[in-house]
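Peer 1: Model the structure of this input:
(one chain, ligands or ions: 1)
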Amino acid sequence: MALDQNQSVSAIEWRDDTLWLLDQRLLPLEERWLEHPDLETVVDSIRNMVVRGAPAIGITAAYGVVIAARCRRQRDADNWQRALAEDLAALAASRPTAVNLFWALDQMRTALKGLDPTQDPVVQLLREAKKIHRQDLAANHTMGRLGSALLGSHNAPAKGVITHCNTGSLATGGYGTALGVIRSAWQQGLIDRVFADETRPWWQGSRLTAWELMRDRIPVTLIADSVAATLMQQGRISWVIVGADRITANGDVANKIGTYNLAVLAKHHGVRFMVVAPTTTFDLALSNGQDIPIEERGPEEVVAVRGQRLAPENVEVYNPVFDITPAQLIDAIVTEKGVVEQPSTAAIARLLEAPHLH
Ligand code: MRU
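Peer 2: Reported below is the predicted structural model:
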């Protein structure tokens, strides 16, 4: 199924009573959708990055629970709920850093506890998964509005922004977090160019962000990750705008490896640093970023490109795929509930306790 140029991208679809994911490992060269008939295929797609991006992983896991529940009920109509606990554990073990995964599984657990015995449980769980999906999309549009308003409220001589990884429709329920703010700010004429880090080692920036922005006809320039300092030195950047995989109570942010580098560079050059993430990305159980589990992936991501080896055989590799940006380096965290400038434990607690904006 090919996506036409004018159709907005979505990477997750519930169609014909099952889950379909756009295989992000193949983009932009090939647009292939994979069907997910059972739990194993869903776990495999999260672990192996068919789907990636914190909110998208959470939404996928929610649909995964629906699929697992259906399979369990077919096998054992009486004890399916007990057996399903194993499936939730398998989903939870698929990737460690993005807290949205664990949040979505908790939502599904609560839905399971509150099932109405007079109605079909799978239908009720599907309703919950679709709600998680829909609410993420709505949150992204709200954040787009709030983040672009913040950007517009700061007078900056440059209208260029840098973004890292992919935080767009592909990484979320649609529209995007950091890329949602960028989409909204571009529409309002607040930015004139997006510099997309290619985002080594998995190339989310070159393969996914450049593709998404070009489809939207938003001017994008692809840069090697190491070019950011030069652009800032040249005065061409007003903001760095990134997403997050987990934000702790004090405002420390785990995001794609290389985000911390950008935050240090931004501080040195007087460039503002914005993190855009829904409230489902907060983990208030952790007081700071030190305790966030950081995923390490295999050496093949670093030594080879699409199977073509570039580094010497047997070279030692270190491949942590997320890093922690300390709150002191962040100017603003934009959520669907509002914006926290100069994040602190108290300011974040206040924001999260406030009623929802939408
Ligand atoms: O390893 P990935 O591609 O899942 O990492 C994704 C990121 O780090 C994103 O920046 C983050 O999930 C925010 S996406 C809206």
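Peer 1: Residues of the stretch 1-150 of the chain that sit close to the ligand?
Peer 2: Remark: the part of the stretch 1-150 of the chain in contact with the ligand comprises 52, 53, 54, 55, 98, using Cβ under 6 Å from any ligand atom. Any C-beta I mention is one placed from the backbone N, CA and C, and that applies to glycine too.
Peer 1: can you rerun that using 5 Å?
Peer 2: 52, 53, 54 (Cβ under 5 Å from any ligand atom).
Peer 1: would you list those residues in JSON lines and tack on pLDDT, secondary structure and neighbour count?
Peer 2: Formatted as JSON lines, the entries for those read as follows, by pLDDT from 0 to 100; DSSP: H, G, I helix; E, B strand; the rest coil; neighbours: other Cβ atoms under 10 Å:
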{"residue": "52", "pLDDT": "98", "secondary structure": "coil", "neighbour count": "25"}
{"residue": "53", "pLDDT": "98", "secondary structure": "coil", "neighbour count": "30"}
{"residue": "54", "pLDDT": "98", "secondary structure": "helix", "neighbour count": "29"}
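Peer 1: Just give me the closest of the residues you listed to residue 183.
Peer 2: Nearest to residue 183 among those is residue 53, at 15.4 Å by Cβ to Cβ.
Peer 1: any idea how far residue 222 is from the nearest residue to the closest one once chain neighbours are set aside?
Peer 2: Of all residues beyond its chain neighbours, the one nearest residue 53 is residue 171 (2.3 Å), with distances taken as Cβ to Cβ, 6 or more residues apart in numbering. Between residue 171 and residue 222 the distance, using Cβ to Cβ, to the nearest Å, works out to 17 Å.
Peer 1: Could you do residue 263 as well?
Peer 2: Distance of residue 263 to residue 222, computed by Cβ to Cβ: 21 Å.
Peer 1: In the stretch 101-250 of the chain, what residue lies closest to the ligand?
Peer 2: Nearest to the ligand in the stretch 101-250 of the chain, going by Cβ to the nearest ligand atom, is residue 243, at a distance of 2.8 Å.
Peer 1: can you pull the contacts of that residue?
Peer 2: Taking Cβ atoms under 8 Å, 6 or more residues apart in numbering, we find residue 243 in contact with 53-54, 165, 167, 171, 176-179, 255-256, 275-277.
Peer 1: burial count for whichever residue of the stretch 251-358 of the chain sits closest to the ligand?
Peer 2: When distances are taken as Cβ to the nearest ligand atom, the stretch 251-358 of the chain reaches nearest to the ligand at residue 256, 3.3 Å away. Using other Cβ atoms under 10 Å, residue 256 has 27 other residues around it.
Peer 1: and if you look at residue 198?
Peer 2: For residue 198, the number of neighbouring residues by other Cβ under 10 Å comes to 21.
Peer 1: do the same with residue 186
Peer 2: Here the number of neighbours of residue 186 (other Cβ under 10 Å) works out to 21.
Peer 1: May I have the beta-bridge partners of the spatially closest residue to residue 279 that is not a sequence neighbour?
Peer 2: Counting by Cβ to Cβ, 6+ apart, residue 335 is the residue found nearest to residue 279 once chain neighbours are left out, at 5.1 Å. With DSSP bridges as the criterion, the beta-bridge partners of residue 335 are residue 338.
Peer 1: Just the ones in helices from the contacts of residue 243, please.
Peer 2: 54, 178, 179 (DSSP state H).
Peer 1: which non-adjacent residue is nearest residue 192?
Peer 2: In space, residue 192 comes closest to residue 159 once its chain neighbours are excluded; the distance is 4.1 Å by Cβ to Cβ, 6+ apart.
Peer 1: ok, now which ones touch the one you found?
Peer 2: Residues counted as contacts of residue 159 (Cβ under 8 Å, 6+ apart) are 190, 191, 192, 193, 238.
Peer 1: Write a ChimeraX command that selects only the buried members of those.
Peer 2: Taking 16 or more other Cβ atoms under 10 Å as the burial criterion, the selection of buried members of these in ChimeraX is written as:
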select :190,191,193,238
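Peer 1: For the contacts of residue 159, name the two members farthest from one another.
Peer 2: Pairwise distances across these (Cβ to Cβ) peak at 11.7 Å, for the pair 190 and 193.
Peer 1: ok so, going back, now, which of the ones in helices among the contacts of residue 243 sits nearest residue 26?
Peer 2: When the ones in helices among the contacts of residue 243 are compared for distance to residue 26 (Cβ to Cβ), residue 179 wins out at 20.0 Å.
Peer 1: what about residue 341, neighbour count?
Peer 2: Residues near residue 341, counting by other Cβ under 10 Å, number 14.
Peer 1: no wait, residue 100
Peer 2: Neighbourhood size, residue 100 [other Cβ under 10 Å]: 28.
Peer 1: all helices for this structure, in order.
Peer 2: Secondary structure of the chain (DSSP H): helices at 39-47, 54-75, 80-92, 99-113, 121-153, 178-187, 204, 210-215, 228-233, 259-269, 300-303, 345-353.
Peer 1: In CSV, list those along with distance to residue 10.
Peer 2: Compiled in CSV, the helices of the chain are given as follows (distance: least, Cβ to Cβ, whole Å):
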stretch, distance to residue 10
helix 39-47, 15
helix 54-75, 10
helix 80-92, 21
helix 99-113, 17
helix 121-153, 9
helix 178-187, 14
helix 204, 17
helix 210-215, 11
helix 228-233, 30
helix 259-269, 25
helix 300-303, 26
helix 345-353, 28
